[in-house]
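> Quick one, what's the 3D model for this:
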Amino acid sequence: MATGKAPDTPDIQALIIDSNATSRSILVGQLREYGVTKIVQCSRVRDARARLEHTVFDYVLCDQFFSESGDSGQTLLDDLRRAQLLPFSTVFFMVTAEASYAAVAEAAESALDGYLLKPFTPSALFERLSLARLRKIHLKPIFDAIEQEDFELASSLCVERFEARKPYWLYAARIGTELLLRLGRHDESRTLFEAVIAARALPWAKLGVARAQIESGQATRAITTLQGLIGEDASFADAYDVLGRAQVELGNFTEAIETYRTASALTPDSVVRLQKLGMMSYYMGDRKTAASVLSRAAILGIDSKLFDFQALVLLAFSYFSDKDRKGIERCVADFGRILERHQDSPRIQRFASIAQTLLLIQQRQFSAAVAAVRDMAREIDEASFDFEAACNLASLLAVLAATSIDLSDGEKWVRSLGMRYANTRGLTELMANACNVYPAYSDMVRECLPQINQSAEKAMAQSLAGDAEGAVRKLLQLAESSLNSKLADMAQQVLLRHRERIADAQALQDSVQAVRTRCGNAPTRAVLGQDGERRPGGVVIRTRTPPPPEAAASAALAAIAARVELSADQILDMPDEPSIDEILGVPTPEPHDPAEKLRLRPM
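Below is the predicted model:
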């Protein structure tokens, strides 16, 4: 049997992750036999993470269980998907000696390409890898459109494949729903999720319905959906992730911390879930648990792209509460190293300043600490001073007050922060809890939301009474003084609704835009850390730029949505539940053209 590769065959790279040297050696031999030219071996999950962060592999073969370290291939896959570290082109297979249905189902939720049950023959390995690559080939037009960031074309191709029941229509639907969510078309995305449920009652589709509900502002309905899903499968970790997110948005922190605790217990080595549990513990005032959990997250992933450096800030606060000077010093030293890699990041610079100021307070260098806080407070009115920065500064101000350090402007700054970000109950409660070491500041933050709501109600009443222009001007005045984006957005809504009846509409529009620019990009809902692109239960779409604003989506998606609604009525007579191979994307029919199958074996 030939072992050399043809001259025109491109290099094929594979990564083998297995703690057993003998297993790795066997896999290396089998892959080389079928033409894989570059093979990297890792015995630990941590080393594999580092490799995958810097190299794109054609194939990844990962063992399911790592008994010595307690790690799992599933946890690695989950974290990689959420952190956008696996491109669509990479084929990821789990290799295991034991595969329960629950394990396979969980793997399917992470868009795993296949399961290899030991022992397997070289021909079985080749067949499975070839079929997995074949799916990539069938869906190449969709992937190419995504690479070009033509999300409308990619969405339409996904829906077209779904409706026509072409090969891999379920996987195409999964990608399509993510694209629709990305473009802000939450109702259309939910319709497609529901169509998939009607055709194949897959947990990821049910989870998608809940995600679409959250995105469209229906967090309470999402919680009901998620509780039903967890009732069907209490081990579905991604469902707890989304449930925790909904609970945080509603300000139900007591429920959220229990949800994150369950999710972390299901996958104890997940850096992302450890961070969520640690952050929620911090905001609930349990600094001891926060220190324990966040320190473990830092040990597992501080040098990984999966690690959110906000977790290190809260870890420093937790160490301060425990009077752990060495712990704070470690955080300061860590930020020193991190800054070497992120010298131009204002976010990291703020984080480092917070940790350094905590160390100054702990060392009783109070005058230097107060000077540092005054420097930070100069940014309060900047558009770039976001909600995360506001919470961190509020926490630091609370620490100063609780330490009986006189800071005459402390109350004024806390009130400014509260008025700026009192948009929802969840956001308000998150900032109030950030100040919980000094209850007077927490109460001050909570008082801001009713004031903002009352101002908004008065302005809306003015509009309903026929004075729309006066309502816009009033909202603008309040937004300019508080920098509250909710008020600025309401001014925009009233102006758009009554534009034809306002004589000086264009001048008002210019004023609204100027105020909204000053307010910056305030979050519309409460999140822990930079939740951004981590979407539990979804297929991660790797792109060069962040999601465009909702206004950038064209009317083409409306046509897509209409076709999706029609298809939902046409799938009631579909076949029975899919097999495990179907769920994992392994096709049952052979391709019509034998040449279509990817040939790793040299000719």
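> Could you export stretch 264-284 as CSV, CA atoms only?
Extracted in CSV, the C-alpha atoms of stretch 264-284 (Å, rounded to 0.1, in the frame of the first residue of the first chain):
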residue,chain,number,x,y,z
SER,A,264,-20.3,24.3,36.1
ALA,A,265,-20.9,21.0,38.0
LEU,A,266,-21.9,19.3,34.7
THR,A,267,-18.6,20.4,33.1
PRO,A,268,-16.2,21.2,35.9
ASP,A,269,-13.3,22.0,33.5
SER,A,270,-15.1,24.6,31.4
VAL,A,271,-13.3,27.9,31.7
VAL,A,272,-16.3,29.8,30.5
ARG,A,273,-18.8,28.3,33.0
LEU,A,274,-16.3,28.7,35.9
GLN,A,275,-16.1,32.4,35.0
LYS,A,276,-19.8,32.8,35.0
LEU,A,277,-20.2,31.1,38.3
GLY,A,278,-17.3,33.1,39.8
MET,A,279,-18.7,36.4,38.5
MET,A,280,-22.2,35.7,39.8
SER,A,281,-20.8,34.6,43.2
TYR,A,282,-18.9,37.9,43.4
TYR,A,283,-22.0,40.0,42.6
MET,A,284,-24.0,38.0,45.1
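> For this structure, which residues score under the pLDDT cut-off?
1-10, 98-111, 201, 305, 524, 530-603 (pLDDT under 70).
> So which bits of the helix or strand hosting residue 194 are buried?
Using DSSP states H and E, residue 194 sits in helix 186-199. Under the neighbour-count criterion of 16 or more other C-beta atoms under 10 Å, helix 186-199 has 186, 188-199 buried. Using the backbone N, CA and C atoms, a C-beta is placed for each residue, glycine as well.
> next one: stretch 500-513
Quick answer for stretch 500-513 (16+ other C-beta under 10 Å): 502, 505, 508-509, 511-512.
> So which of those belong to strands?
Using DSSP state E, no member of the buried residues of stretch 500-513 falls in strands.
> In helices, which of those residues fall?
505, 508-509, 511-512 (DSSP state H).
> any chance of the residues you listed in CSV, plus distance to residue 323?
Below are those laid out as CSV (distance: C-beta to C-beta, whole Å):
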residue, distance to residue 323
505, 59
508, 54
509, 54
511, 50
512, 49
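> so after the helix holding residue 194, what's the next helix or strand?
Helix 186-199 is succeeded, C-terminally, by helix 203-215 (DSSP H and E).
> Residues contacting that following helix, please?
With C-beta atoms under 8 Å, 6 or more residues apart in numbering as the test, helix 203-215 has contacts from 105, 108-109, 173-174, 177, 181, 184, 186-187, 189-190, 193-194, 196-197, 219, 221-222, 225-226, 228-229, 232-233, 236, 238-239, 242-243, 245-246, 249, 535-538.
> can you check stretch 306-313 too?
Contacts for stretch 306-313 (C-beta under 8 Å, 6+ apart): 49, 79-80, 82-83, 85, 271-272, 275, 278-279, 294, 297-298, 301-302, 331, 334-335, 338, 347-348, 351, 354-355, 388, 392, 529-530.
> Helices - which of these land there?
Counted as lying in helices by DSSP H, out of the contacts of stretch 306-313, are 49, 79-80, 82, 271-272, 275, 278-279, 294, 297-298, 301, 331, 334-335, 338, 347-348, 351, 354-355, 388, 392.
> Would you map the helices across the stretch 1-150 of the chain?
21-33, 45-54, 73-82, 101-109, 122-138, 140-147 (DSSP state H, counting those that start in this stretch).
> got it, and the stretch 401-550 of the chain?
So, for the stretch 401-550 of the chain - with DSSP H, counting those that start in this stretch - the helices run 410-421, 425-434, 439-464, 468-482, 485-497, 505-519.
> Run the chain-centre distance for the first one.
Computed by C-alpha atoms, centre = their mean, to the nearest Å, the chain-centroid distance of helix 410-421 equals 28 Å.
> between it and helix 468-482, how big is the angle?
Counting by axes from the mean of the first three to the mean of the last three C-alpha atoms, to 10 degrees, helix 410-421 lies at 140 degrees to helix 468-482.
> which residues does residue 50 contact?
So residue 50 contacts 303-304 (C-beta under 8 Å, 6+ apart).
> what's the offset of the helix or strand hosting residue 246 from the middle of its chain?
Per DSSP H and E: residue 246 is located in helix 237-249. Relative to its chain's centre, helix 237-249 lies at 11 Å (C-alpha atoms, centre = their mean).
> Which elements pack onto that helix?
helix 203-215, helix 219-232, helix 253-266, helix 271-283, helix 425-434 (3 or more C-beta pairs under 8 Å, 6 or more residues apart in numbering; DSSP states H and E).
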